[in-house]
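Undergrad: Return a 3D structure for these sequence lines:
(one chain, ligands or ions: 1)
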Amino acid sequence: MKKLSYTLAVGWMAALLCTGCTRQQPVQEISLKEALADKFLIGVAINSTQAAGRDTAATRIIRQHFNSIVAENCMKSEVIHPEEDRYDFTLSDQFVEFGEANDMYIIGHTLIWHSQLSPWFCVDEAGKNVSPEVLTERMRDHIHTIVGRYKGRIKGWDVVNEAIEDDGSYRKSKFYEILGEEFIPMAFRLAQEADPDAELYYNDFSMAHPGKREGVVRLVKQLQERGIRIDAVGMQGHMQLDFPTVEAFEESMLAFAATGVKVMITELDMTVLPSPGQHVGANVEARFGYEKAMNPYPEELPEDVSGLWNDRMDDFFKLFLKHRAIVSRVTLWGVADSDSWRNDWPMEGRTDYPLLFDRNHQPKPVVYQVIYD
Ligand code: G3I
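TA: Numbers count the residues shown, from 1 in each chain. The predicted structure follows:
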């Protein structure tokens, strides 16, 4: 099919809307998952309202366009394992059932992450760090119980999330403080024991930074040298309009693939908003007080900015397609703009436009470009 430019895509959409079609018709006729079927999985992070089927506008899009889902929040330790002796599978069961009912490739997110960590996980009753032995046992119980519950149903796990800093050093998390870098191989081994058939991933943000690229390559090689399985590196893909460059992102994709693992773009979105800190990645701890000047598009996005956004998102999809031999999945971090964490991070109450579907649940031009290019 001929290449569709942004202008052509907009014109095509407008023509469809003006020739007596209802607003829904073009959306129903096209599907990302069909267009990308022989390329890679196309996934989306879903929230609990969507998994419960209560957000019908979003679930229509999820069913139509995506063949993989990941849990945006319901499998994080503070939700799924709030107390040492208590797991709560209410939301995670609902999420997995939604995926099965819709024949989707289901991804679990995330087993070991320093953030959204249950407060009890790494400390004793006095708030002091537990011993390495106690933490090892807690990790074993956590990973075996969760992965074991969904054995054969969840096809891939973000086993360890965000353990490496931008300069390639280990993040000084509680896990690192207590167990040193050994907590990473340990987590992968435990996950493999719990479901030998599940794919195992290391997942992180700002992966285009040379330091992080080198740190992650080092980590993957260390695991491989010790005979510990890792199937893919997840590049989160929380982009800005000016960062990272497509070239730097590509360099990281190739560096990870050169170790022999697959590459996944696991949390794709692209903010149009100014960054209050310089390139703050996706570190959820970064927070800034609200400033009106930092929320420039509260009502709608000017056409020139949406054009820039669209072209850049299209460039990234072209990159993923160019490297489809090494890319096994591309997952958007949310369905529609209104769902995105970007509206509240790193500053609460802003209006962002980071996803493939707008606030009316209409596809942006890039959706048509990906399908018809
Ligand atoms: O569920 C509570 C609700 O009961 C409460 O009233 C409300 C008040 O703030 O908070 C709700 O929890 C929020 C939760 O999302 C569900 O909406 C948390 O405050 C909020 O911090 C949490 O943010 C999530 C963030 O991770 C932290 O877990 C975002 O939705 C989620 O998109 C984001 O995802 C992370 C990935 O897991 C890892 N990579 C970076 C990515 C973006 O930060």
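Undergrad: which residues does the residue in the stretch 251-373 of the chain that the ligand sits nearest to contact?
TA: Nearest residue of the stretch 251-373 of the chain to the ligand (CB to the nearest ligand atom) works out as residue 341 at 3.4 Å. Using the backbone N, CA and C atoms, a C-beta is placed for each residue, glycine as well. When contacts are counted by CB atoms under 8 Å, 6 or more residues apart in numbering, residue 341 touches 72, 333, 334.
Undergrad: Report the buried members of those.
TA: Burial by neighbour count, 16 or more other CB atoms under 10 Å: within these this picks out 72, 333, 334.
Undergrad: Just confirm the second one contacts residue 268, I think it does.
TA: Translated: residue 333. Yes. Counting by CB atoms under 8 Å, residue 333 does reach residue 268; the two are 6.2 Å apart.
Undergrad: Mind listing the shared neighbours of these two?
TA: Contacts common to residue 333 and residue 268, judged by CB under 8 Å, 6+ apart, are 236, 237, 238.
Undergrad: restrict the residues you listed to contacts with the ligand.
TA: Restricting those to those within reach of the ligand (CB under 6 Å from any ligand atom) leaves residue 236.
Undergrad: Among the shared contacts of residue 333 and residue 268, which one lies nearest to residue 366?
TA: residue 237 (14.3 Å; CB to CB).
Undergrad: Surely the closest one is in contact with residue 265?
TA: Yes. Using CB under 8 Å, residue 237 is in contact with residue 265, at 4.6 Å.
Undergrad: shared neighbours, these two?
TA: By CB under 8 Å, 6+ apart, residue 237 and residue 265 have these common neighbours: residue 316.
Undergrad: Could you list the contact residues of this structure toward the ligand?
TA: That would be 72, 73, 76, 116, 161, 205, 236, 267, 282, 284, 341, which are the residues of the chain within reach of the ligand (CB under 6 Å from any ligand atom).
Undergrad: where in the chain is pLDDT low?
TA: 1-29, 278-280 (pLDDT under 70).
Undergrad: Which parts of the stretch 101-250 of the chain are helices?
TA: Assigned helices in the stretch 101-250 of the chain, in chain order: 132-149, 174-179, 183-194, 210-225, 246-257 (criterion: DSSP state H, counting those that start in this stretch).
Undergrad: what's the most buried one of those helices?
TA: Of all these, helix 183-194 has the most neighbours on average by mean count of other CB atoms under 10 Å, namely a mean of 21.
Undergrad: Check which helix or strand the residue nearest to residue 288 when sequence neighbours are not counted maps to.
TA: What sits nearest to residue 288 in space, not counting adjacent residues and going by CB to CB, 6 or more residues apart in numbering, is residue 276, at 4.2 Å. If you go by DSSP states H and E, residue 276 is not part of any helix or strand.
Undergrad: Identify the residues contacting residue 276.
TA: Shown in contact with residue 276 (CB under 8 Å, 6+ apart): 288, 291, 294, 346, 347.
Undergrad: Find the nearest non-adjacent residue to residue 358, please.
TA: Residue 358 sits nearest to residue 337 (CB to CB, 6+ apart), 5.5 Å away.
Undergrad: burial measure for that neighbour, as a count.
TA: Neighbours of residue 337 under the rule other CB atoms under 10 Å: 23.
Undergrad: go on, residue 59?
TA: Using other CB under 10 Å, residue 59 is surrounded by 19 other residues.
Undergrad: Touching, it and residue 52? I think so.
TA: No. Contact criterion CB under 8 Å: residue 59 and residue 52 do not qualify, at 9.3 Å.
Undergrad: So which residues of the stretch 201-350 of the chain form strands?
TA: 232-235, 238-239, 262-270, 327-332 (DSSP state E, counting those that start in this stretch).
Undergrad: Can you convert the ones you listed into TSV and add a column each for mean neighbour count?
TA: Shown next, in TSV, are these (neighbours: other CB atoms under 10 Å):
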stretch	mean neighbour count
strand 232-235	26
strand 238-239	22
strand 262-270	25
strand 327-332	24
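Undergrad: how about JSON lines for the ones you listed, with distance to residue 299 added?
TA: Formatted as JSON lines, those follow (distance: least, CB to CB, whole Å):
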{"stretch": "strand 232-235", "distance to residue 299": "33"}
{"stretch": "strand 238-239", "distance to residue 299": "23"}
{"stretch": "strand 262-270", "distance to residue 299": "20"}
{"stretch": "strand 327-332", "distance to residue 299": "24"}
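Undergrad: before we move on, the earlier item: mark which of the contacts of residue 276 are buried, thanks.
TA: 294, 346, 347.
Undergrad: need those residues in JSON lines with distance to residue 199, can you?
TA: Output for these, formatted as JSON lines (distance: CB to CB, whole Å):
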{"residue": "294", "distance to residue 199": "39"}
{"residue": "346", "distance to residue 199": "31"}
{"residue": "347", "distance to residue 199": "35"}
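Undergrad: for these, which one is nearest residue 153?
TA: Nearest member of the buried ones among the contacts of residue 276 to residue 153, counting by CB to CB, is residue 346, at 34.8 Å.
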